[in-house]
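>>> Structure for the following, please:
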Amino acid sequence: YFVPDLLRGKVYTVQNPKLPFAAVHGDPDAVIKGKTRIGPTALTMPKLERNKCWLKGISLELLKMDLNKDVFKIAFDLMSDKEIRNYVFKNMVFELPIIGKRKFLKDAQKIIPSLSLEDLEYAHGFGEVRPQVLDRTKRKLELGEKKICTHKGITFNMTPSPGATSCLQNALVDSQEIAAYLGESFELERFYKDLSPEELEN
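Numbers count the residues shown, from 1 in each chain. Next up, the predicted model:
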């Protein structure tokens with residue numbers, strides 16, 4: 001959701017350790033001037049891209065995995081947990097017309113108590129899919145950061161939440177790995193000079 005420009009920086013509430021998403025938080029939008037974005041609204045979906053119609057966004061390969069019996073077992077166990085189940089249903093309600101905005105207002109007021117219903121604007125077309133790792137051997141949801149390094153010039157990062165916690169460190173490590181794969185040198189000192197000059201002082 002968008003609200004008026006009322007925050008000067010990121011404000012987070014305490015995260016539930018059972019959930020792979022940050023708790024409700026707000027931060028000034030980096031793209032749209034004069035807007036603050038408050039979220040998340042998190043839905044479970046068998047899609048690689050959220051903002052496409054259902055038939056366009058569904059991957060047949062992904063669907064095969066979603067219909068796996070171990071995945072069903074993990075989903076059943078997750079939905080058996082009251083806190084997780086309530087979180088899932090609450091976020092489904094957030095997507096509903098009229099009532100969704102009213103329900104979300106209560107969460108948003110944890111960040112900005114003075115917010116009113118008129119301040120909330122649904123952020124159409126914003127937000128995307130955050131992949132979550134399911135361990136089919138252990139039959140459980142894996143929380144936190146995961147990385148698949150193929151050593152073939154491509155690396156996959158499943159970011160923790162909030163992703164900004166480690167995105168720059170991931171970029172540094174991945175860039176070094178890919179440069180090595182290509183037989184090129186990575187100018188670490190230049191990287192630090194541009195993005196983190198204090199590192200050069202240590």
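>>> Could you tell me the per-residue confidence at the residue most central in space within the chain?
Nearest to the geometric centre of the chain sits residue 130, at 4.7 Å (Cα atoms, centre = their mean). If you check residue 130, the pLDDT there is 76.
>>> Please apply the same query to residue 18.
At residue 18, the model reports a pLDDT of 78.
>>> all strands in this structure, in order from the N-terminus.
2-4, 11-12, 25-28, 35-39, 133-135, 140-142, 146-149, 155-158 (DSSP state E).
>>> Show me which residues of the biggest helix by length in the chain are buried.
Looking across the chain with DSSP state H, the single longest helix is helix 167-181. Across helix 167-181, burial judged by 16 or more other Cβ atoms under 10 Å covers 170, 172, 174, 177. Where C-beta positions appear, they are placed from N, C-alpha and C, glycine not excepted.
>>> Go through those residues and say which is closest to residue 106.
Nearest to residue 106 among the buried residues of helix 167-181, counting by Cβ to Cβ, is residue 170 at 34.2 Å.
>>> with the buried residues of helix 167-181 in mind, which one is nearest to residue 192?
Nearest to residue 192 among the buried residues of helix 167-181, with distances taken as Cβ to Cβ, is residue 172, at 9.1 Å.
>>> Contact partners for the closest one?
Taking Cβ atoms under 8 Å, 6 or more residues apart in numbering, we find residue 172 in contact with residue 191.
>>> Can you pull the domain assignment for the chain?
When the chain is parsed with the TED database, its domains come out as 2-142, 146-200.
>>> What is the burial count for residue 8?
Counted with other Cβ atoms under 10 Å, residues neighbouring residue 8 total 9.
>>> how about it, what does it touch?
So residue 8 contacts residue 28 (Cβ under 8 Å, 6+ apart).
>>> From what I see, residue 79 and residue 88 are in contact.
Yes. Residue 79 is in contact with residue 88 according to Cβ atoms under 8 Å; the separation is 7.1 Å.
>>> which of these two has more neighbours?
residue 88 (16 against 13).
>>> ok, the buried residues of helix 167-181 vs residue 188, which is closest?
Of all the buried residues of helix 167-181, residue 172 has the smallest distance to residue 188: 8.2 Å, by Cβ to Cβ.
>>> For residue 146, see how far away the closest one is.
Per Cβ to Cβ, to the nearest Å, residue 172 is found 18 Å from residue 146.
>>> again, but for residue 84
Applying Cβ to Cβ, the value for residue 84 to residue 146 is 19 Å.
>>> do the same with residue 26
Counting by Cβ to Cβ, the gap from residue 26 to residue 146 is 27 Å.
>>> which of those two has more neighbours?
Neighbours per residue (other Cβ under 10 Å) separate residue 26 from residue 146, with residue 26 holding more: 23 against 15.
>>> Check the gap between that one and residue 125 for me.
Counting by Cβ to Cβ, the gap from residue 26 to residue 125 is 19 Å.
>>> so how far is residue 16 from residue 39?
Distance from residue 39 to residue 16, by Cβ to Cβ: 15 Å.
>>> what about those two, which has more around it?
Each of residue 39 and residue 16 has its neighbours counted (other Cβ under 10 Å); residue 39 has more, 20 against 13.
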